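Asker: no letters, just coordinates:
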């Protein structure tokens, strides 16, 4: 019996496979990045489909101090929305998350990334969006982040949390380039936009329901 069957499974909400298990049973990472001395802020760069919803979700997570939508994986010269949308730049729509590790850990961010933010079993797509620019990827900034991400993916696959293997790439961060201004905080500025309502608002609802301890008080 799969983990999905044992814990009431997942709900297909918009573009994401969202955990809906009893008692917040989504597994924790087996290892985590320890907080740095002096509570210095840390950065995570994640790609999970259209950056509007991923950014909107992490903006609601406690300890997160800044979220920027942008592009990772390609060259600076092609880091423009219209160009990236052609699908041949090597870029993925990504979010750069700055966080206080004394309030939320890198591992906890990955837990939300896999449980709520997107479907990590979809190859080069998320829901209605297709192309390598919508791939699932973790761009690690150091060896500690790499070890945490790889160990977590291994754990989730071995536990059969999903019905298909995780296809998330774990690759070094070579550069992050902020997207155009109108993409920043897009969900908050456009909460009734049909794409947001269908694909992203269910993620926000799932975050609040399944992981209230990780939510900001807004």
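Answerer: That came through fine. Because the structure is a prediction, the values reported are computed rather than measured.

Asker: for the rest of this, base every contact and every neighbour count on C-alpha atoms.
Answerer: Noted.

Asker: does residue 137 touch residue 71 like I think?
Answerer: No. Assessed by Cα atoms under 8 Å, residue 137 is found out of contact with residue 71, at 11.5 Å.

Asker: so these two - more neighbours on which side?
Answerer: residue 71 (30 against 23; other Cα atoms under 10 Å).

Asker: residues touching the residue nearest to the spatial centre of the chain, list them.
Answerer: Centroid check for the chain by Cα atoms, centre = their mean gives residue 113 as the closest residue, at 3.6 Å. Under the criterion of Cα atoms under 8 Å, 6 or more residues apart in numbering, the contact list for residue 113 reads 46, 48.

Asker: check the gap between it and residue 97 for me.
Answerer: Using Cα to Cα, to the nearest Å, residue 113 is found at 12 Å from residue 97.

Asker: pretty sure the residue nearest to the centre of the chain is in a helix, no?
Answerer: Yes. Counting by DSSP: H, G, I helix; E, B strand; the rest coil, residue 113 is part of a helix.

Asker: and it, what's its pLDDT?
Answerer: Looking at residue 113, its pLDDT is 98.

Asker: same thing with residue 7?
Answerer: Listed pLDDT for residue 7 reads 30.

Asker: what about this protein, any weak spots by pLDDT?
Answerer: For the chain, the stretches with pLDDT under 70 are 1-24, 37-39, 218.

Asker: how about the strands in it?
Answerer: In the chain, the strands defined using DSSP state E lie at 10-13, 16-19, 42-48, 64-72, 92-99, 125-126, 129-130, 136-140, 169-172, 176-178.

Asker: name every strand pairing with the third one and say which way it goes.
Answerer: So that's strand 42-48. According to DSSP bridges, strand 42-48 forms sheet pairs with strand 92-99 (antiparallel), strand 136-140 (antiparallel).

Asker: for those strands, give me TSV that also has distance to residue 85.
Answerer: As requested, the strands paired with strand 42-48 are arranged in TSV below (distance: least, Cα to Cα, whole Å):
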stretch	distance to residue 85
strand 92-99	9
strand 136-140	16
